[in-house]
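J.: Provided below are the primary sequence and the corresponding predicted coordinates.
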Amino acid sequence: MSFSYLKEKFKKKPEKDEKDEIDQLELALSEREVQEKSEEQKKEDEEKITLIMNRLNEIENDLPRIKVNIDTLKSQIQELREEIEKLDKTIKDVMMLYEVVSQEINPFRDLDSENPIVKEIHELKQDLEEIRKEIAQIKGDLKLLAYHGVDLDRIIYEAISEGET
């Protein structure tokens, strides 16, 4: 055996050992980084879970109040419907009265004479038209309220409080 052969043999072994040691050190460092990252990730996940649980608790606490508000709105909407039905009935009664009066008195015959009944009929027509407009506006407002889920309690409270000041 030659000396150079032995020399190369001995050189290769320490190089391999150094490479193995370096690989092991790099592996250990990467494992530590992974552990540190996983610990940080766990902390972040725990914080997120805590925030989500807090929000869920808030939502669960708000559900009964929301249900009460919805029930209140439903009853208010029902009351408004009943009032609108009463207004419709009143309008129909006025219309029937108008038909009876218009059959008794021809408005085209006495245009120049000042008949108090004609004036009264004319005023009733104007009132009727105003009522129709208000009913149409109320219906539109109710549809808007139902569609957008507006808080009627707050609106009523604000309207009442404005009237008191």
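T.: Received, thanks.

J.: The lengthiest helix in the chain - contacts with which helices or strands?
T.: Ranked by residue count, the top helix of the chain under DSSP state H comes out as helix 3-104. Packing contacts for helix 3-104, counted by 3 or more C-beta pairs under 8 Å, 6 or more residues apart in numbering; DSSP states H and E, involve helix 116-148, helix 152-164. From N, CA and C alone the C-beta is placed, and that goes for glycine too.

J.: Show which residues not belonging to stretch 70-88 make contact with it.
T.: Contacts to stretch 70-88, defined as C-beta atoms under 8 Å, 6 or more residues apart in numbering, come from residues 131, 135, 138-139, 142, 145-146, 151-153.

J.: Where neighbours are concerned, which of those residues has the most?
T.: L145 (17 neighbours; other C-beta atoms under 10 Å).

J.: Need the pLDDT of the residue lying closest to that residue once chain neighbours are set aside.
T.: Take L145 and drop its neighbours on the chain: the residue closest to it by C-beta to C-beta, 6 or more residues apart in numbering is L152, 6.7 Å away. The model reports L152 with a pLDDT of 71.

J.: who's in contact with L152?
T.: Counting by C-beta under 8 Å, 6+ apart, L152 has contacts 72-73, 76, 145.

J.: how about a cut-off of 10 Å?
T.: 69, 72-73, 76-77, 80, 145 (C-beta atoms under 10 Å, 6 or more residues apart in numbering).

J.: Make TSV from the contacts of stretch 70-88 and add distance to K43 to it.
T.: Shown next, in TSV, are those (distance: C-beta to C-beta, whole Å):
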residue	distance to K43
I131	67
I135	62
I138	57
K139	57
L142	52
L145	47
A146	47
D151	40
L152	46
D153	43
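
J.: Identify, from those residues, the entry nearest to I22.
T.: D151 (69.1 Å; C-beta to C-beta).
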